[in-house]
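Visitor: Mind looking at a prediction? Sequence and model below.
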Amino acid sequence: MGIFSADIKTMDDLFLHGLQDIYYAESQITKALPKMIELATNRDLSTGLRTHLQETEGQIKRLEQVFEKLGQEPKGTACPAIDGIIKEANETSGEVENKAVLDAAIVANCQAVEHYEIARYGTLIAWAEELGHDEVVRFLTTNLNEEKAANTKLNTVALRKGVNTKASNAA
């Protein structure tokens with residue numbers, strides 16, 4: 001049986017498993033983001049996280065359309081990677097007392113999530129193209145582009161909006 005939760009015999013099985021993985025991950029992210037929004041003190045950061053929460057809800061809807069086009073029921077499968085990233089984010093945020101440093105930690109933790117999603121969507125797009133699932137590529141590409149944009153916005157908040165500078169100057 002290996003590391004996956006179900007036997008995977010074909011590339012189509014692997015693709016479906018990957019979709020279930022990212023569907024689960026997006027669902028877990030919608031549960032984790034409100035806490036990050038609540039903890040963030042930088043206005044640009046909290047606004048960006050609120051916007052991305054709405055985008056994530058839209059990404060889930062697009063994934064449901066992907067499942068529908070493939071004749072599958074939308075469902076997730078446990079994703080230890082995203083669970084670990086979220087667990088680490090929660091633990092880190094509980095350890096940081098200084099609010100400026102906490103904002104920098106939130107940015108870093110959210111970027112870890114974005115990088116995971118970017119990797120997963122990139123792989124799913126390549127697999128969809130290889131398998132001839134052209135009807136779902138645009139949905140996955142839209143999600144990928146939103147994740148890349150979210151990562152860029154986090155970089156901007158950290159570097160140009162002063163999160164890193166405030167954190168480095170914190171006593």
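Guide: Okay, I see it.
Visitor: so how far is the longest helix anywhere in the chain off the chain centroid?
Guide: Ranked by residue count under DSSP state H, the longest helix found in the chain is helix 99-131. With C-alpha atoms, centre = their mean, to the nearest Å as the basis, helix 99-131 stands 5 Å off its chain's centre.
Visitor: buried stuff in that helix?
Guide: Buried residues in helix 99-131, counting neighbours by 16 or more other C-beta atoms under 10 Å, are found at 100-114, 116-118, 120-121, 123-125, 127-128. (Glycine included, C-beta is placed from N, CA and C.)
Visitor: now it: mean pLDDT?
Guide: pLDDT averaged over helix 99-131 equals 96, rounded to a whole number.
Visitor: Show the subsequent helix or strand relative to that helix.
Guide: helix 134-159 (DSSP states H and E).
Visitor: And the average pLDDT for that following helix is what?
Guide: Across helix 134-159, pLDDT averages out at 95.
Visitor: Now that helix: buried residues?
Guide: Neighbour-count burial for helix 134-159 flags 136-137, 139-141, 143-144, 146-147, 150-151, 153-154, 157-158 (criterion: 16+ other C-beta under 10 Å).
Visitor: And those, which is closest to residue 59?
Guide: The closest of those to residue 59 turns out to be residue 143 (C-beta to C-beta; 4.6 Å).
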